[in-house]
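A.B. asks: 3D model of this:
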Amino acid sequence: MRIILFYILMVFLSCESNTTNGIDFVDSGQETYELNDKSTFNIRSAEFSNFNNESFFSFLNINDNTLVKYVGEEKKASVLNLDSEGEDGVGSLDFFSTHKFISKDSILILQSQIGKMFLLNSKGKKLKTYELYNVSEKGSFVTFPSNGVLNPILYDDNQNIFTRCSMVKYFKDYQNIKLVKKINLQNNYSEDILSLPKIYNDGFWGALFKYEPSICFYDKEHLLVSFPIVNDIYKVNLKGESIEKISIKSKFLSKKMNL
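C.D. replies: Alright, predicted model coming up:
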């Protein structure tokens, strides 16, 4: 049997104190994983995780409803079959499905297309179901979680998860459209936070993806948020309130342009 290997080049950003003109990119190394019949390039949800000094890479395979996890020094693939129906059913994986390991033995499966999120153990046993919204009730929601490789689910020390969201349609006024959903896993309380900047009310900005934020943790108490058409990065608290605005406008752009 022929063994095929694929390589993932991991590049991280590093800021050095003697750098004044930008950010230096540092090549941190190379990881090697074995391809098999569960491998796919059709990956929407993937992440590197580290618990108790054990790191692993995982992704959802929407082609066969599985979660593939590469573990151990040899990084062999371990496959978890996810039931689509029944007692432990999580539905069928698709383009909107994402996952998050919150511990070595606990996995979140977020299914935006059915308005639910599931907590599973490492064997695929369903531990809890979170009802996010009712997809059958027209008008009951105007945004939905839209995560992926570039915008993974965030998880903090207080058992909160943060997911960036997409809109279901365009609106006349965007000031009250919240595009980050915060969910507490312990009490099942959820709230929508973080409104779009005022500039979104000034014109039509094209495809809906231009209204989607990117989010990451700044520290334990703050998020960093960016928007496709805005020249600023926002530092916000975990309630979605803006604390600081940092301009990142390109020196090559002399005026605002409608895209």
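A.B. asks: Give me the most central residue, this structure.
C.D. replies: residue 152 (1.9 Å; Cα atoms, centre = their mean).
A.B. asks: which residues does that one contact?
C.D. replies: 45, 47, 98, 100 (Cβ atoms under 8 Å, 6 or more residues apart in numbering). Where C-beta positions appear, they are placed from N, C-alpha and C, glycine not excepted.
A.B. asks: before we move on, what about residue 62?
C.D. replies: Counting by Cβ under 8 Å, 6+ apart, residue 62 touches 42, 44, 93, 94, 95, 97.
A.B. asks: among those, which are in helices?
C.D. replies: Assigned to helices by DSSP state H, none of those qualify.
A.B. asks: Just the buried ones from these?
C.D. replies: 44, 93, 97 (16 or more other Cβ atoms under 10 Å).
A.B. asks: Of the contacts of residue 62, which is the nearest to residue 28?
C.D. replies: residue 44 (24.2 Å; Cβ to Cβ).
A.B. asks: The nearest residue to that closest one once chain neighbours are set aside: neighbour count?
C.D. replies: Spatial nearest neighbour of residue 44, excluding adjacent residues (Cβ to Cβ, 6 or more residues apart in numbering): residue 148 at 5.1 Å. Residue 148: 16 surrounding residues under other Cβ atoms under 10 Å.
A.B. asks: swap in residue 177?
C.D. replies: For residue 177, using other Cβ under 10 Å, the count is 17.
A.B. asks: isn't it right next to residue 195, touching?
C.D. replies: Yes: counting by Cβ atoms under 8 Å, residue 195 is a contact partner of residue 177 at 6.5 Å.
A.B. asks: Please report how far the residue nearest to the centre of the chain lies from residue 101.
C.D. replies: Here residue 152 is placed at a distance of 11 Å from residue 101 (Cβ to Cβ, to the nearest Å).
A.B. asks: which neighbours do these two share?
C.D. replies: With Cβ under 8 Å, 6+ apart as the test, residue 152 and residue 101 both reach residue 47.
A.B. asks: right, and out of the buried ones among the contacts of residue 62, which lies closest to residue 244?
C.D. replies: Using Cβ to Cβ, the shortest approach to residue 244 within those belongs to residue 44, at 31.8 Å.
A.B. asks: That closest one and residue 97: what is the separation?
C.D. replies: Distance of residue 44 to residue 97, computed by Cβ to Cβ: 7 Å.
A.B. asks: overlap in contacts of these two?
C.D. replies: With Cβ under 8 Å, 6+ apart as the test, residue 44 and residue 97 both reach 60, 62.
A.B. asks: Now intersect the contacts of residue 152 with the strands, please.
C.D. replies: 47, 98, 100 (DSSP state E).
A.B. asks: Which one of the residues you listed sits in the busiest neighbourhood?
C.D. replies: residue 98 (25 neighbours).
A.B. asks: show me what contacts it?
C.D. replies: Taking Cβ under 8 Å, 6+ apart, we find residue 98 in contact with 44, 45, 60, 109, 110, 112, 145, 147, 148, 152, 153, 163.
A.B. asks: can you name the two of those residues that are farthest apart?
C.D. replies: Taking Cβ to Cβ, no two of those sit farther apart than 60 and 163, at 15.1 Å.
A.B. asks: So if I had to pick from these two, which one is more boxed in?
C.D. replies: More crowded of residue 60 and residue 163, by other Cβ under 10 Å: residue 163, with 26 against 23.
A.B. asks: Spatially, which residue comes closest to the more buried one, not counting chain neighbours?
C.D. replies: Nearest non-adjacent residue to residue 163 (Cβ to Cβ, 6+ apart): residue 145, at 4.0 Å.
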